[in-house]
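Novice: next come a sequence and a model predicted from it.
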Amino acid sequence: MSDVPLIPDIKKPFYRLGEKEGLMSWVATVDHKLLGLMYISTAFLFFIVGGLEALLMRIQLGTARNTFLSPEVYNQVFTMHGTTMVFLVVIPLMLGSGIYLVPLMIGARDMAFPRLNALGFWLLFFGGLLLYYSFVAGGAPNGGWFSYAPYSERAFNTTYGIDYWALGLFVQGIGTTLAGINFVVTILAMRAPGMKLTQVPMFVWTTFINGFLIIGAIPPLNAALVMLLIDRRLNAHFFTPQSGGSSILWQHYFWAFGHPEVYIMVLPAFGIISEVLPVFSRKPLFGFNAVAISTIAIAFLSYAVYAHHMFAVGLGPAFEAFFAAATALIAVPTGIKIFNWVFTVWGGKLRFTTAMLYCVSFIFMFTIGGISGVTFAVVPTDWQTTDTYYVVAHMHYVLFGGTFFAVVGGIYYWFPKATGRLLSEKHGKIQFWLTFTGFNLTFFIQHFLGLMGMPRRVYSYPDYPMWSLFNLISTIGAFLLGFSILYLMVMMWWALRKGQRAGDDPWDAYTLEWSTSSPPPIQNFDIIPPVRSRRPLWDWKHPEDPDWKRDHSGKQLAMQRSDEA
Amino acid sequence: MSVTAHTTTVAHHEEPGAPMGKAELGILAFLATEAIFFGLLILSYVYFRVTDNSAPNADILKPNFIRTLIFSLCLFASSGTIVLAEQALKKGNRRGLVLWLVVTVVLGLAFLSGQGWEYAELIGENITPARNTFGTAFFTMTGFHGFHVFGGLVMLSILAGLAAAGDFKGPHSAAVTCVSWYWHFVDIVWVFIFSMVYVLPALGII
Ligand code: HEM
Ligand SMILES: [Cu+2]
């Protein structure tokens, strides 16, 4: 079995996670490792809540004309589900992984601004609480995760739900922005001696670009949110067409944030994939430069495609042609990445650990999501499928099958580093297949439901042929998926206590974080291996044949190494 | 990065003489987010100005153009005085630093009181965010700007207090540089707002 961990080194001292014991060591910390883990734990906490909301919806939709949830409650539940998953699960997972890993991967002691880092976390955390406080304050928001105006205005929406929605997202948006700034500065200013900006690991690079995306994309959201709040609380008129305002303006500002946002939610996942695949294929990332440059291309293009969410508005042929073309174009750099991952795995000496399984299936799931995405670029097709379950299937293939699969793969991969203990490979495999089956069962069939005309965001549907059956299958899949997540959480909880000791470098990896102990000491590193290539730890372990003695361009290196593999 | 690259080193490395330190990079990134935020607020103002002609609108501000110009000049001048403060710091002249910081604060306060005066008059005539899209966009944009001026004044006052208490030996302080950049930024935002709300309508352009 080549997939069992190598050389567990059990004699080393075991660093405690916090400097001091007790809750205070977490609340008061400015250490990036603790904050990173706090982000990820918060994400899991909200993931449970958002997941339960999803199951409530699936119960209601399990059969035609069901009466499990009232329409009012259903609206609140799908709004909170979407908002929670985007802002309180995926974003914190992406930020948390970056905050935990980036300093370790670039050989730094901490982020550039540790206190700002803590502030960012607490803003996000309390933003989340504010959002959920709406339940107590007379009703959760019910306008969907994009809260289109004028439905979200006071004239149509009199409870405080939307106010808490806007306020909560504004607060967490500031927190996210601070994290984005921190990433950019950390990666520019804190790299280990010798590590050029072009030599950082791919995860660091995607997080770097992500920092710029955050800096550019969150302000439109924040602007839109304060405008909505001013409308609602000061009776102003930004988005109220009946008094001269413009509800389309809301859509422009929201999607100017919203589309870059979907890439904010996926770029770090690209990074995770680009770290895990090479290690378990025993060769460097194929086409490092192509992956790096296509990331920049995606970042730029992501601002130029946002109005593909607004084709149904009727923007006019010129607008539509532009955004359709840009949307088709963005599939190109995305496709380049997919090819590079495939070539990375191709011909490698593969070790199918659970982490690897997740990352390989990411490629497939994300490709399915990418293909349905391109179909939306064709405006008439989009008119047919917009606001149907086809869109729901698309977004879940990219966000769940994409981002979330990558994150779970990353968890299997880095859990030993963060905790010093391995997750069980045996249970990991079971857990993976549960997730994989549950996910595809839930969402693949929704493509067909959408094409058959089932609109999204409806609490009930008539008993058309197959609709009940397909929905029931989806509901069964959702419960399987819920069970697999529960399984994962129990596995993590168990591994924290009883898991096998991992040692510093259980996967025989390439990047700096594996050169320090697991978990890393408070100062991160006592000694940093010299950085002369993109795989400093490989060079350190193979002084007879380091990467830097070979061609630096990357592509050739990957080919040579794969011949040897 | 430094030339000692290839030796094994203990984890720490920050180049003191680097052209731009962490703080400066951070504030630049922060100001980029602010620029987009204000850009969109100003854009919405212009959009309504073009699409919605309901009265009252910016024309109501014309009679007081000169007054607003004077208060705006105070703000623009304060960008100069903070540069003088930085130069004093560079020469190690701490009294000069305190002096110019205080002058900057006073000019900023003058601007804010001018804005307060204008607000009071408008609200007196029942022109509020609730009145029409002009009121909505005008008060949002100038309100957020005023709030940023106020934040700047707090930071400037803290700097002045610290300087008076003996901080800042010079010749360089990241804190002073960052606050100064922030202050210039707030100033530039006002250049745009002032042009859009006061100058262009006065010239009959929008
Ligand atoms: C090849 C790349 C992609 C293309 C061309 C694409 C295209 C589109 C289009 C045109 C829509 C609007 C459909 C409609 O509402 O009628 C859409 C919706 C959506 N996409 Fe993608 N997409 C791509 C990748 C992604 C990725 C990577 C993510 C996130 C990780 C994502 C997340 C979403 C979400 C969440 C929605 C639904 C938004 C909503 O209406 O609530 N997409 N996509
Ligand atoms: Cu999009």
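Specialist: Looks like it arrived, so ask away. Ligands and ions are numbered 1, 2, ... in the order given.
Novice: can you name the residue of chain B nearest ligand 1?
Specialist: Among the residues of chain B, residue B:40 lies closest to ligand 1, at 20.6 Å counting by C-beta to the nearest ligand atom. C-beta here means a position set from N, CA and C on the backbone, and glycine is covered the same way.
Novice: tell me which element that residue falls in.
Specialist: The secondary structure element spanning residue B:40 is helix B:22-51 (assigned by DSSP states H and E).
Novice: now do that helix: which elements does it pack against?
Specialist: Secondary-structure packing of helix B:22-51 (3 or more C-beta pairs under 8 Å, 6 or more residues apart in numbering or on different chains; DSSP states H and E): helix A:161-189, helix A:202-234, helix A:247-264, helix B:133-164, helix B:174-194.
Novice: kindly report the residues of the stretch 101-250 of chain A close to ligand 1.
Specialist: Within reach of ligand 1 by C-beta under 6 Å from any ligand atom, the stretch 101-250 of chain A has these residues: residue A:146.
Novice: rerun at 5 Å
Specialist: Remark: no part of the stretch 101-250 of chain A is in contact with ligand 1, using C-beta under 5 Å from any ligand atom.
Novice: helix, strand or coil for the residue of the stretch 101-250 of chain A found nearest chain B?
Specialist: Across the stretch 101-250 of chain A, the shortest distance to chain B (C-beta to the nearest C-beta) belongs to residue A:194, at 3.2 Å. Look at residue A:194: counting by DSSP: H, G, I helix; E, B strand; the rest coil, its state is coil.
Novice: ok, the residue nearest the centre of chain B - contacts?
Specialist: For chain B, the residue whose C-alpha lies nearest the mean C-alpha position (C-alpha atoms, centre = their mean) is residue B:186; its distance is 1.6 Å. When contacts are counted by C-beta atoms under 8 Å, 6 or more residues apart in numbering or on different chains, residue B:186 touches B:75, B:145, B:148-149, B:152.
Novice: just flag the most distant two among those residues.
Specialist: Within the contacts of residue B:186, B:75 and B:148 form the most distant pair, 11.4 Å apart (C-beta to C-beta).
Novice: what mean pLDDT does the helix or strand hosting residue A:479 get?
Specialist: Taking DSSP H and E as the criterion, residue A:479 maps to helix A:467-498. The predicted model gives helix A:467-498 an average pLDDT of 97.
Novice: which residue sits closest to the residue nearest to the centre of chain B, ignoring its sequence neighbours?
Specialist: Distance criterion C-beta to C-beta, 6 or more residues apart in numbering or on different chains; nearest residue to residue B:186, sequence neighbours excluded, is residue B:148 at 5.1 Å.
Novice: which non-adjacent residue is nearest residue 88?
Specialist: Answering for chain A, as no chain was given. Once its chain neighbours are removed from consideration, residue A:88 has its nearest residue in residue A:46; the separation is 3.9 Å (C-beta to C-beta, 6+ apart).
Novice: should've been chain B
Specialist: Ranked by C-beta to C-beta, 6+ apart and with sequence neighbours excluded, the top spatial neighbour of residue B:88 is residue B:96, at 3.0 Å.
Novice: helices or strands up against the strand or helix carrying that neighbour?
Specialist: Under the criterion of DSSP H and E, residue B:96 resides in helix B:94-124. Using 3+ C-beta pairs under 8 Å, 6+ apart as the contact criterion, the neighbours of helix B:94-124 among helices and strands are helix B:65-90, helix B:133-164.
Novice: mean pLDDT for the ones you listed - can I get that in JSON lines?
Specialist: Converted to JSON lines, the helices and strands packed on helix B:94-124 look like this (pLDDT from 0 to 100):
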{"stretch": "helix B:65-90", "mean pLDDT": "96"}
{"stretch": "helix B:133-164", "mean pLDDT": "97"}
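Novice: separation between the residue nearest to residue A:340 when sequence neighbours are not counted and residue A:337?
Specialist: What sits nearest to residue A:340 in space, not counting adjacent residues and going by C-beta to C-beta, 6+ apart, is residue A:287, at 4.2 Å. Going from residue A:287 to residue A:337 by C-beta to C-beta, to the nearest Å gives 9 Å.
Novice: what's the offset of stretch B:133-144 from the middle of its chain?
Specialist: 17 Å (C-alpha atoms, centre = their mean, to the nearest Å).
Novice: contacts only, for the residue of chain A positioned farthest from its centre.
Specialist: If you look at how far each residue of chain A sits from its centre, by C-alpha atoms, centre = their mean, the farthest one is residue A:243, at 39.3 Å. For residue A:243, the residues meeting the contact criterion (C-beta under 8 Å, 6+ apart) are A:237, B:132-133.
Novice: picking up where we left off before, quick one: buried residues of the helix holding residue B:96?
Specialist: Applying a neighbour-count criterion of 16 or more other C-beta atoms under 10 Å in any protein chain shown, the buried positions in helix B:94-124 are B:94, B:96-105, B:107-108, B:110-112, B:114-115, B:118-119, B:122.
Novice: gap between residue B:35 and residue A:208?
Specialist: The spacing between residue B:35 and residue A:208, counted by C-beta to C-beta, is 20 Å.
Novice: likewise for residue B:177?
Specialist: Here residue B:177 is placed at a distance of 24 Å from residue A:208 (C-beta to C-beta).
Novice: one more: residue A:261?
Specialist: Taking C-beta to C-beta as the criterion, residue A:261 is separated from residue A:208 by 18 Å.
Novice: residue B:129: what secondary structure?
Specialist: Secondary structure state of residue B:129, per three-state DSSP, is coil.
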